[in-house]
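Undergrad: Any chance you can model this:
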Amino acid sequence: MKKLLFAIMAAFAFAACDKDEHQTRYQDMMCFVESIPTDDGYASATTHITAASDASALQLYVMRSPMAAGQHPRQTARIVVDKENSTAIEGTDFTLSATTFDFENSEVFRPFTIDFHDAAGKTIALELDYAYYDECPADTRKQDRLTIEIK
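TA: Here you go, the predicted model:
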């Protein structure tokens, strides 16, 4: 169990909100990950994925920092399509199995699937939209975006 907790903490080790050095330093509260860590593996935040054009779906997770879970027992996150940076159209080229995630208490992972329909050669740009927190304001977040290139 200690290894699993370490793996979860490691997922946020390289991405931290920019805070004054005299204040509590929070890691990014939420990010996208490709897999749940096991006792001998790590989950790491992902910001870019290249998927094969013959892939029909991609299973991903929204991950919440355990530190955030301790400080904020209830949090909601939404996946939003960044229309400026996406060339694929939601509903036509791809669909998301879920777009809203309600985390409670110590919940850390929530799965979702992206089903590809006609997205070959296109880009899907997603971002996590969650509440503003003084500890991790939106303009200092580093791992709340994901770009998927479909080859």
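
Undergrad: who's in contact with the residue minimising distance to the centre of the chain?
TA: Central residue of the chain (CA atoms, centre = their mean): residue 32, 2.0 Å from the mean position. By CB atoms under 8 Å, 6 or more residues apart in numbering, the contact set of residue 32 is 45-47, 60-63, 126, 128, 143, 146. Heads up, the C-betas are built off the backbone N, CA and C, glycines and all.

Undergrad: Can you select the buried ones from those residues in PyMOL?
TA: Here is the PyMOL command that picks out the buried ones among the contacts of residue 32, judged by 16 or more other CB atoms under 10 Å:
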select buried, resi 45+46+60+61+62+63+126+128+143+146
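
Undergrad: Spell out the residue ranges of the strands in the chain.
TA: 30-33, 48-51, 57-64, 74-81, 94-96, 100-104, 109-116, 123-130, 145-150 (DSSP state E).

Undergrad: of all those strands, which gets the most neighbours per residue?
TA: Of the strands of the chain, the one with the most neighbours on average (mean count of other CB atoms under 10 Å) is strand 30-33, at a mean of 24.

Undergrad: May I have that one exported as PDB, CA atoms only?
TA: Only the C-alpha atoms of strand 30-33 are listed here, as PDB (Å, rounded to 0.1, in the frame of the first residue of the first chain):
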ATOM      1  CA  MET A  30      -6.000  17.100 -11.100                       C
ATOM      2  CA  CYS A  31      -4.500  15.600 -14.300                       C
ATOM      3  CA  PHE A  32      -5.000  13.000 -17.000                       C
ATOM      4  CA  VAL A  33      -3.200   9.700 -16.700                       C
END
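
Undergrad: Low-confidence stretches in this protein?
TA: 1-27, 40-42 (pLDDT under 70).

Undergrad: Go again with 90.
TA: 1-30, 35-46, 51-56, 65-71, 106, 117-120, 131-144, 151 (pLDDT under 90).

Undergrad: For residue 87, which of the strands of the chain is the nearest?
TA: strand 123-130 (4.8 Å; CB to CB).

Undergrad: now that closest one against strand 100-104, angle please.
TA: Interaxial angle of strand 123-130 relative to strand 100-104 (axes from the mean of the first three to the mean of the last three CA atoms, to 10 degrees): 40 degrees.
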